[in-house]
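*Asks:* Give me coordinates for this.
(chains A and B)
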Protein chains: 2
Amino acid sequence: MAERGIYVGLDVGGTTMKAAAVTDGGEPLSVPAVRDTHPELGQEIGLKTMCETIRLAVAAANLTMADVAAIGVATPGLMDIKAGLILDPPNLKPWKNVPVRDHIQKTFGKTTVFQNDANAAAYGEFWVGSGQEAHSMVLFTLGTGVGGGIIIGDMIVEGEHSHGGELGHLRIDRPDCGRLCGCGARGCLEAYASATNVVRRAREDMAGFRGDTQLRNFYTANDEGFTAKDVFDLAQAGDELALKVVHDTAYYLALGACAVIAAVDPEMIVFGGGMAKDEWFRDMIDAYVRRFGLPFPVKTLKVKLATLGSDAGFIGAAGCARLAEKIKAEA
Amino acid sequence: MAERGIYVGLDVGGTTMKAAAVTDGGEPLSVPAVRDTHPELGQEIGLKTMCETIRLAVAAANLTMADVAAIGVATPGLMDIKAGLILDPPNLKPWKNVPVRDHIQKTFGKTTVFQNDANAAAYGEFWVGSGQEAHSMVLFTLGTGVGGGIIIGDMIVEGEHSHGGELGHLRIDRPDCGRLCGCGARGCLEAYASATNVVRRAREDMAGFRGDTQLRNFYTANDEGFTAKDVFDLAQAGDELALKVVHDTAYYLALGACAVIAAVDPEMIVFGGGMAKDEWFRDMIDAYVRRFGLPFPVKTLKVKLATLGSDAGFIGAAGCARLAEKIKAEA
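*Replies:* Numbers count the residues shown, from 1 in each chain, chains lettered A, B, ... in the order given. I've put the predicted structure just below:
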């Protein structure tokens, strides 16, 4: 095993994958190596690109593979975490049953751990980000979808079917009349609070709003020229309707947080991703959590913004590799 | 330490407390010793009664305290599990800040563990009840209230503020218009699916029902003569309105189960308590879970009825004591 305690974390997304060598203290040794994922080129090429990105990351840190203690790989679901398999993720079509962990382990001859991308990001924030002083932490990731990860002690709640922390599918409204989610059900948090749905709700709210709002300037027939960022920027500038849309978003996220509190009662809830940048938005969520959460836990529960940004995934993947090595060393 | 691996479990409720000596295999060595709790007599007498009940349990098993390896005590919340304190439980008024764990540990000179009663029941079912073949299990306890416990691996999800598994306060309807819960919030599962609320919903449904229903025979001005059991019995006999009330109950419980699936994705969900006696009711819940839960996990998730009945609490408390001894031995 390498002596220096260097771990490589690789975070595979539908568009790009990123990797970096990370120290035992959670510090990336370079900016991440980035490669296009090109899932449409098939999984064989995908596996090759993963290995190439790992090699690039090691080179970028001026190291050789001999310096690397273990490798962590994070990918989006569906997956079988225990088996180390990508199953059939909508973001990586047409990949199917890809033996990621074994392939990388064999290629490099290193302990390789496999994890869900949102779980890895949660572990990254828990290890060296917002949650580093917490015993337990839940991350909500806000992007095109809403994901999440739950960490208790040093354990990631992976779930029996690799669906632990699927927080975008916590239901915050009735299944008969709530908003329709991409998963086919109604009332899921994601159908309210994802970037796409913030824009959709803004459109709907405009339809019934008689007052003045700068949101109308962004109105386009498709979603291309009208993003959640526009809504948040206008809210910050004081636009009444944009502010209402953002307030509602905070309220929906708080309802998701309240469900997590009743289930696992964490010490800290962290919000990360494109929308979760501003303290004033955190304050809004925080206020709704205090109002609608279980009274005793929310007295001292901490609500924070994530600090690692889009590095959380590969840092967390490296952290998972480190954790696996630690557990092995203790056994 | 005693050689035989005998653990005493004590389950303290608002009305009675029960204890038994339990083997390393989870078998109680006698019917439980039972004493009235009489919280109104104060916590000093309460602690004495706890010790007396433990002694009675050991005697009932024809053992002496020297045979006991460790003791587990389960009480209703509010509590501080880590500190071993009963804080201020509504069911044990006027007790406040009762140092249960330390008192019992000092009295008997035995390792004593302290746990929430629903968590202990969940651990009991996980150890030697319905969940004994599961890696992870969630218990919903259906009674005057709705409680719960989450077990992952051999770990109880206690929560940072001892509120892990407060599943009765998972929200299944909007906080602005849902049913009012005893906790002061709206939309909590408990406000729909507790025994008290099954009866309340039956009354409300009767008010708007024009057809024939035997439920009217049970109609009384107060809840004394009209119980959830009556509703379930009539449903089983085919009464249309009673069946509707029970179906709705199964639906609400399934929504709670779906939230737990999205959060921790367990291998098994177990329903215990007075209402969860019949396979036809389990079948109803099961069907709603398959319909409204995350598609991938619910393909193989198991939904079961609890098997330990009201013994789950003291068996689980003994199991927690055993687990603590095991962890100590391995360290």
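
*Asks:* What parts of the stretch 1-150 of chain A come near chain B?
*Replies:* With the criterion set to C-beta under 8 Å from any C-beta of the partner chain, the stretch 1-150 of chain A comes near chain B through A:Leu78, A:His135, A:Ser136, A:Ile150. The C-beta positions use only the backbone N, C-alpha and C, and glycine is treated the same way.

*Asks:* Just put the residues you listed in TSV and tack on secondary structure and pLDDT.
*Replies:* Listed next are the residues of the stretch 1-150 of chain A next to chain B as TSV, based on DSSP: H, G, I helix; E, B strand; the rest coil; pLDDT from 0 to 100:
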residue	secondary structure	pLDDT
A:Leu78	coil	94
A:His135	coil	97
A:Ser136	strand	98
A:Ile150	strand	98
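
*Asks:* Filter the residues you listed down to the buried ones, PyMOL style.
*Replies:* A single PyMOL command selects the buried members of the residues of the stretch 1-150 of chain A next to chain B (16 or more other C-beta atoms under 10 Å in any protein chain shown):
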select buried, chain A and resi 78+136+150
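
*Asks:* just checking, what's the longest helix in chain A?
*Replies:* Ranked by number of residues, the top helix in chain A under DSSP state H is helix A:240-264.

*Asks:* Burial check on A:Glu224, number of neighbours?
*Replies:* 7 (other C-beta atoms under 10 Å in any protein chain shown).

*Asks:* if I look at it, how far off is B:Pro39?
*Replies:* 64 Å (C-beta to C-beta, to the nearest Å).

*Asks:* again with A:Gly5
*Replies:* Relative to B:Pro39, and taking C-beta to C-beta, A:Gly5 is found at 54 Å.

*Asks:* Next, A:Val34: secondary structure please.
*Replies:* The three-state label given to A:Val34 by DSSP: H, G, I helix; E, B strand; the rest coil is strand.

*Asks:* Please apply the same query to A:Lys326.
*Replies:* helix.

*Asks:* and it, how far is that from A:Met155?
*Replies:* A:Lys326 is 13 Å from A:Met155, by C-beta to C-beta.

*Asks:* isn't A:Ala321 right up against A:Gly72?
*Replies:* Yes: contact status for A:Ala321 versus A:Gly72: in contact at 3.6 Å, counting by C-beta atoms under 8 Å.

*Asks:* Touching both of the two, which residues are there?
*Replies:* Taking C-beta atoms under 8 Å, 6 or more residues apart in numbering or on different chains as the criterion, A:Ala321 and A:Gly72 both touch A:Tyr7, A:Val8, A:Gly9, A:Thr112, A:Val113.

*Asks:* which one is the second one nearest to, not counting chain neighbours?
*Replies:* Meaning A:Val8. Nearest non-adjacent residue to A:Val8, counting by C-beta to C-beta, 6 or more residues apart in numbering or on different chains: A:Ile71, 4.8 Å away.

*Asks:* ok, and does stretch A:190-197 reach over to chain B?
*Replies:* No: counting by C-beta under 8 Å from any C-beta, chain B has no neighbours in stretch A:190-197; the shortest distance is 10.2 Å.

*Asks:* what's the distance between that stretch and the middle of its chain?
*Replies:* 14 Å (C-alpha atoms, centre = their mean, to the nearest Å).

*Asks:* gap between the two ends of it?
*Replies:* 8 Å (C-alpha to C-alpha, to the nearest Å).

*Asks:* swap in stretch A:185-201?
*Replies:* Start-to-end, stretch A:185-201 (C-alpha to C-alpha) is 18 Å.

*Asks:* quick check, distance from that stretch to the centre of its chain.
*Replies:* 16 Å.

*Asks:* Identify the residues contacting that stretch?
*Replies:* A:142-146, A:167-183, A:223, A:226-228, A:231, A:245-246, A:248-249, A:252-253, A:255-256, A:274-275, B:292.

*Asks:* Which ChimeraX command selects the buried ones in these?
*Replies:* In ChimeraX syntax, the buried subset of the contacts of stretch A:185-201 is picked out as below (16+ other C-beta under 10 Å):
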select /A:142,143,144,145,146,167,168,169,170,171,172,173,175,178,179,181,182,183,226,227,228,231,245,246,248,249,252,253,255,256,274,275 /B:292
